[in-house]
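Q: only the shape, not the letters, is given here:
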């Protein structure tokens, strides 16, 4: 639940300011400072309610992110020293700094082989924390990583193959890891790991493709988490409850949002993956796509499982007296605000038609 007290908006502002500072900086020290400011704004959002499970997840996240920040600082000192540029003359010390810096960014991002913390953290935090963790918190590390790849790929031959390996294994782990999950949060965490793999592939192919993929992923993920936040469901078993008539549209929206996250054509989520596939084919990297396609097929399987759980097995009657709320509570309960629900429904319609409309506009764009 989001607090509408002033400190809630303050933390959101600090979080956004840190990411913007990192993305707009030219020097590695201000980039590191922006990541730390972002962390200081996000941690209170995770733990301010004082629930033990959320506090535990917040501490895990803080330790992981502090370790990632330390690796970024150490790698930057080795690779750049006091230089105001991402490019330096090759030397053994710079190569070591490259590796440490890449590992630090991948740890913050939750990519393979540093994906282990993401399901554990997401399983214990609120829906707002999950929403921010899987969308906004990816923004700065992802595009910094893309910039590092663009700057260093010509300097060293190990960067691109290593990131391709990490991306393909992230996609596979994101698919396989979600098969035995009973918590929706943990399942969406593995889904996020799979999408991180696709975004790493896009960062290698083209920054333009990466931007389009991230915007699509951002829109679909925010809508999915808002609907789940509104329904207050955390386990697969809870999705079998009958949904009131006034929220049937939200149920349908959730089904299509899940299919869009899985990349089902012709929904909007398929378009981002199609661009990545098209870019790989243009570079004649056909075999490279096999682990990504395999991971997407497996992840689509558990999306369909969740969809069937939502739509086909509703038998238990809902206690309507327990769900009645006063107008004042409805006004200040962020996910149940009618304006937000209308916005989610609009995104649902755009999700249905967006893939088709954007596909028709493809000939006018040059993504490479």
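A: Happy to help now that I have it. This structure is a prediction, so every number in the text was calculated from the model and none was measured.
Q: tell me the phi and psi of residue 113?
A: Per-residue torsions, residue 113: phi -90, psi 20 (degrees, to the nearest 10).
Q: isn't it right next to residue 166, touching?
A: Yes: using C-beta atoms under 8 Å as the test, residue 113 is close enough to residue 166 to be in contact (7.1 Å). The way it works is simple: take the backbone N, C-alpha and C, and place the C-beta from them, glycine included.
Q: which one of those two has more residues nearby?
A: Using other C-beta atoms under 10 Å, the more surrounded residue of residue 113 and residue 166 is residue 166, with 22 against 13.
Q: how close does the more buried one get to residue 110?
A: Counting by C-beta to C-beta, to the nearest Å, the gap from residue 166 to residue 110 is 11 Å.
Q: same check on residue 80?
A: Applying C-beta to C-beta, the value for residue 80 to residue 110 is 25 Å.
Q: do residue 58 as well
A: Counting by C-beta to C-beta, the gap from residue 58 to residue 110 is 16 Å.
Q: could you measure from the spatially closest residue to residue 172 that is not a sequence neighbour over to residue 191?
A: Spatial nearest neighbour of residue 172, excluding adjacent residues (C-beta to C-beta, 6 or more residues apart in numbering): residue 295 at 4.6 Å. From residue 295 over to residue 191 the distance is 10 Å, taken as C-beta to C-beta.
Q: where in the stretch 51-200 of the chain is pLDDT low?
A: The model of the stretch 51-200 of the chain has pLDDT under 70 over residues 81-91, 154-156.
Q: and the strand or helix carrying residue 147, which residues are buried?
A: Taking DSSP states H and E as the definition, one finds residue 147 inside helix 136-152. Using 16 or more other C-beta atoms under 10 Å as the test for burial, helix 136-152 gives 136-146, 148-149, 152.
Q: more crowded one of residue 295 and residue 191?
A: Taking other C-beta under 10 Å, residue 295 and residue 191 do not tie; residue 295 has more neighbours (28 against 25).
Q: does that one touch residue 174 like I think?
A: Yes: proximity of residue 295 to residue 174 meets the contact threshold set by C-beta under 8 Å, at 5.8 Å.
Q: shared neighbours of those two, anything?
A: Counting by C-beta atoms under 8 Å, 6 or more residues apart in numbering, the contacts common to residue 295 and residue 174 are 194, 197.
Q: buried sites along stretch 27-41?
A: Per 16+ other C-beta under 10 Å, stretch 27-41 contains these buried residues: 28, 31-39, 41.
Q: again with stretch 214-228
A: Buried residues in stretch 214-228, defined by neighbour count with 16+ other C-beta under 10 Å: 214, 216-217, 219-228.
Q: which residues touch residue 60?
A: The neighbours of residue 60, taking C-beta under 8 Å, 6+ apart as the test, are 117, 120-121.
Q: so among these, which ones count as buried?
A: 117, 121.
Q: in helices only, show me the contacts of residue 60.
A: Using DSSP state H, 117, 120-121 are the members of those that sit in helices.
Q: picking that back up, what is in contact with residue 113 and residue 166 at once?
A: residue 106.
Q: follow-up on the earlier one: mind checking how far the residue nearest to residue 172 is from residue 190?
A: From residue 295 to residue 190 the distance is 10 Å (C-beta to C-beta).
Q: helices along the stretch 201-350 of the chain, start to end?
A: 207-231, 248-262, 268-282, 289-311, 320-323, 327-332, 338-360 (DSSP state H, counting those that start in this stretch).
Q: what's the local residue count around residue 177?
A: Other residues near residue 177 come to 23 when the count uses other C-beta under 10 Å.
Q: sorry, back to before: any chance of the buried residues of helix 136-152 in JSON lines, plus distance to residue 347?
A: Below are those laid out as JSON lines (distance: C-beta to C-beta, whole Å):
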{"residue": "136", "distance to residue 347": "17"}
{"residue": "137", "distance to residue 347": "21"}
{"residue": "138", "distance to residue 347": "19"}
{"residue": "139", "distance to residue 347": "19"}
{"residue": "140", "distance to residue 347": "24"}
{"residue": "141", "distance to residue 347": "25"}
{"residue": "142", "distance to residue 347": "22"}
{"residue": "143", "distance to residue 347": "23"}
{"residue": "144", "distance to residue 347": "28"}
{"residue": "145", "distance to residue 347": "27"}
{"residue": "146", "distance to residue 347": "26"}
{"residue": "148", "distance to residue 347": "32"}
{"residue": "149", "distance to residue 347": "31"}
{"residue": "152", "distance to residue 347": "37"}
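Q: closest to residue 19 out of these?
A: residue 140 (4.5 Å; C-beta to C-beta).
Q: tell me the contacts of the closest one?
A: Residue 140 is in contact with 18-19, 22-23, 34-35, 38, counting by C-beta under 8 Å, 6+ apart.
Q: could you rerun that using 7 Å?
A: Applying C-beta atoms under 7 Å, 6 or more residues apart in numbering to residue 140 gives the contacts 19, 22-23, 34-35, 38.
Q: how about residue 216?
A: Counted by C-beta under 7 Å, 6+ apart, residue 216 has contacts 268-269, 271-272.
Q: so which of these is the most crowded?
A: Using other C-beta under 10 Å as the neighbour criterion, residue 269 leads the contacts of residue 216 with 28 neighbours.
Q: measure that residue to residue 349 for me?
A: Residue 269 sits at a distance of 15 Å from residue 349 (criterion: C-beta to C-beta).
Q: find the nearest non-adjacent residue to the residue nearest in space to the middle of the chain, please.
A: Nearest residue to the geometric centre of the chain (C-alpha atoms, centre = their mean): residue 134, 3.1 Å. Excluding the flanking residues, the one nearest residue 134 by C-beta to C-beta, 6+ apart is residue 192, at 4.6 Å.
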